[in-house]
Structures are given as C-alpha cells and as structure tokens.
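1. please find the sequence and the predicted model below.
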Amino acid sequence: DAGVTQSPTHLIKTRGQQVTLRCSPKSGHDTVSWYQQALGQGPQFIFQYYEEEERQRGNFPDRFSGHQFPNYSSELNVNALLLGDSALYLCASSPGQGAGELFFGEGSRLTVL
Amino acid sequence: AQSVAQPEDQVNVAEGNPLTVKCTYSVSGNPYLFWYVQYPNRGLQFLLKYITGDNLVKGSYGFEAEFNKSQTSFHLKKPSALVSDSALYFCAVRDNGGSQGNLIFGKGTKLSVKP
C-alpha cells in the first residue's frame, strides 16, 4: 500500500518564477493538506482540500493556490516566487476531515535563488 | 487561538536512559494532540495521538505520552532511549479546538541519543 507520494523531491527556481508541486494521497484518503516547513521551523498550514474544494486556509498570500482532482490527488502552485518561499513543502492526507492523524509525504524541497 | 509550545530546542540523552520531550498546549475546547518524528530530509512520521480516554497513550517504536489536563501538557516519553531515536520531534494540536481543524505544530525538539 503506497503512502503519500510527492513530486518532485527537489527543485530550484529563481525569483519571480512559478512552481507546481504534486501530491498523491494514501490509498483510501480523500482529504489533502499542504504545509510549508522552513528550515529549523515546524510545519505551517497552507490549505486543505476536500471534495475538490479548498476547505481551510492558513495565513498565506494568494500567490499560493491549489487544486484537487477527482482522484483526490492535489497540486500546490506558487506564483511570483520569493526567496522566502524556499522551504520543504509537505503534503498530508487523511480519510475525511475527522479527528485522526495526518499521513505525510517525504516532501518537496524548493530552493528559490 | 490554539498553540503548542516545545520549551526545549534540544534534548540530550545517553542510550539506555529514559527520555522526555516536553510539550504544552493552549486550546479552547477539547484538545486533540499528536506527536510526530522527522528524520533528516524526510517527511513527518506519526507516533501517537490523544483524542479522549486514558491519559497515558502508547504509540510507535516504544514511545508513550502522558496527557495532563491540569498542566496542559502532553510530554513524550520512552523508558529506554536508542541511538536510532535521534531525530526531530514535533508536538501538534488540532486548530479550532475541534476535530476538523488543521494541525498546529510546535517548533520542534531535536533529540540526540549518545551511545
């Protein structure tokens, strides 16, 4: 049973560019959340998708957007990249929006030069 | 607003000794608490959770955590540390004091277990 898979694992962009990160949830999970983890910090919630709609959003600007597909996979898009967007981006999935734990992928390491 | 505090940036323990990683929380409503572990350049792995029931929660890899409502704490413990336990540990609480909020993480505690 495959867990949460993310791609790409590493990528380098320059300021002003746009990036798309992808996530496939664990089998049987229909809810996907995205987190940003800056170096030396705990993960910060970006947003959550359920039934192809953004359900919750953290304190991130509109440059951060997402999408969820009918097969529950998800994308995170970041426009107009800033140096401060350099971080590990983590995708997490869960079965529904219940009280249980989230299952995390290995993350996508984004470096903005 | 919900929050989590991990007061120690780093905890050093000798192999075979007991370990404790501290976490305190602030929530309105019932707390839903979690511990995760992160190895270098990896994602987060779930260790254990407290939602309701017994205050002592047992989890993966021999870890356990004690929920203390009066002290608003949820400390992670292990009776005998292994070198392989060395990693970054995160405490988290569900936002909105309920079951459907996103997770709010502490800043993490680096655990170093020496042989």
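-> Now that the structure is in, tell me what you want to look at.
2. near chain B, which residues of chain A show up?
-> A:4, A:33, A:40-45, A:48, A:56, A:58, A:90, A:92, A:97-107, A:109 (CB under 8 Å from any CB of the partner chain). C-beta coordinates here come from the backbone N, C-alpha and C atoms, glycine included.
3. repeat that with 6 Å
-> With CB under 6 Å from any CB of the partner chain as the criterion, chain A meets chain B at residues A:42-43, A:45, A:48, A:56, A:90, A:97-99, A:101, A:104-107.
4. so which of these wins on neighbours?
-> The residue in the residues of chain A next to chain B with the most neighbours, by other CB atoms under 10 Å in any protein chain shown, is A:Pro43 (30 neighbours).
5. surely it touches B:Phe105?
-> Yes. Assessed by CB atoms under 6 Å, A:Pro43 is found in contact with B:Phe105 at 5.0 Å.
6. hmm, back to that, now, which of the residues of chain A next to chain B lie within strands?
-> Using DSSP state E, the members of these that fall in strands are A:Phe45, A:Gln48, A:Gln56, A:Leu90, A:Phe104.
7. can I get the lowest-mean-pLDDT helix or strand in chain A in PDB, CA atoms only?
-> Within chain A, confidence by mean pLDDT, DSSP states H and E is lowest for strand A:53-57 among all helices and strands, at a mean of 91. Taking Å, rounded to 0.1, in the frame of the first residue of the first chain, the C-alpha atoms of strand A:53-57 are listed here in PDB:
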ATOM      1  CA  GLU A  53     -12.700  22.400  -2.900                       C
ATOM      2  CA  GLU A  54     -10.400  24.400  -0.600                       C
ATOM      3  CA  ARG A  55     -11.900  23.900   2.900                       C
ATOM      4  CA  GLN A  56      -9.500  25.700   5.200                       C
ATOM      5  CA  ARG A  57      -6.700  28.100   4.600                       C
END
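8. buried ones in it?
-> By 16 or more other CB atoms under 10 Å in any protein chain shown, the buried positions in strand A:53-57 come out as A:Gln56.
9. which strands border that strand, and is each parallel or antiparallel?
-> strand A:44-50 (antiparallel) (DSSP bridges).
10. what about the partner strand, distance to the chain center?
-> 7 Å (CA atoms, centre = their mean, to the nearest Å).
11. what's it in contact with?
-> Contacts to strand A:44-50, defined as CB atoms under 6 Å, 6 or more residues apart in numbering or on different chains, come from residues A:31-36, A:54-58, A:60, A:64, A:66, A:68, A:74, A:97, B:102.
12. what does stretch A:75-92 give?
-> Contacts of stretch A:75-92 (CB under 6 Å, 6+ apart): A:4, A:6, A:13, A:15-23, A:33-38, A:43, A:63-67, A:102, A:104-105, A:107-109, A:111-112, B:43.
13. alright, that wraps it up for me.
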